[in-house]
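> sharing a sequence plus its predicted fold:
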Amino acid sequence: MSDEETNSGVESRISAPDLSCPKCNHLLPNGLGVIRCLMCKSEVKVDHEGTKKKWREEKISCPSCSKVLICGVDKRPANLQCAACKTHFVLKPNRPKIEIACPACDRKLRMNKRPGERDIACPACEVEFKVSF
Ligand SMILES: [Zn+2]
Ligand SMILES: [Zn+2]
Ligand SMILES: [Zn+2]
């Protein structure tokens, strides 16, 4: 993993559980705390002790000196400071990825899993289609 983004931040490898909105049944944005459904705007309180524990114990390499640090913080994003080189950086929330197959040519497309409906253009056959989560 050498082509990580620059010093601006590191993406957490641990995502919160995938949950659906209890009101409209769409996928909620990934995270813990008070999560706002992007579709019906209702607020849902999400808590998950297992995720918090994994977040506290997550090991990340400092984007500047590559020293491995234990996060120690049970929320994302987390503002961290490297104990070795003192660089401040942000541990960003994990963006869950999903693979879907183009309905026309069956090519696998990898994308961020975001709630709501999106128009996708297949890079292989240029067919446009919609996905929604
Ligand atoms: Zn909703
Ligand atoms: Zn460092
Ligand atoms: Zn296609």
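Yep, it's here. Fair warning: this is a prediction, and the values are worked out from it, not measured in the lab. Ligands and ions are numbered 1, 2, ... in the order given.
> got any ranges where the chain has weak pLDDT?
Along the chain, the model assigns pLDDT under 70 to residues 1-7.
> the strands in the chain, which residues?
For the chain, the strands defined by DSSP state E occupy 9-11, 33-36, 43-46, 59-61, 68-70, 78-81, 88-92, 97-101, 108-112, 117-121, 128-132.
> centroid-nearest residue for this protein?
The residue lying closest to the centre of the chain (C-alpha atoms, centre = their mean) is R95, at 1.8 Å.
> so who does the residue lying closest to that residue once chain neighbours are set aside touch?
Leaving aside its sequence neighbours, R95 sits nearest to N112 (C-beta to C-beta, 6 or more residues apart in numbering; 4.9 Å). No exception for glycine: its C-beta is placed from N, CA and C like everyone else's. N112 makes contact with R95, P96, K97, I98, according to C-beta atoms under 8 Å, 6 or more residues apart in numbering.
> what is the burial count for the second one?
Which is P96. 14 (other C-beta atoms under 10 Å).
> wait, it touches R13, no?
No: under the criterion of C-beta atoms under 8 Å, P96 makes no contact with R13, lying 11.0 Å away.
> L27: which of the strands of the chain is closest?
strand 128-132 (8.7 Å; C-beta to C-beta).
> tell me what the closest one is packed against?
Using 3 or more C-beta pairs under 8 Å, 6 or more residues apart in numbering; DSSP states H and E as the contact test, the elements touching strand 128-132 are strand 117-121.
> the strand it packs on and ligand 3, are they touching?
No: judged by C-beta under 5 Å from the ion, strand 117-121 makes no contact with ligand 3; its nearest approach is 8.8 Å.
> now do that strand against strand 97-101, angle only.
On the basis of axes from the mean of the first three to the mean of the last three C-alpha atoms, to 10 degrees, strand 117-121 is oriented at 60 degrees to strand 97-101.
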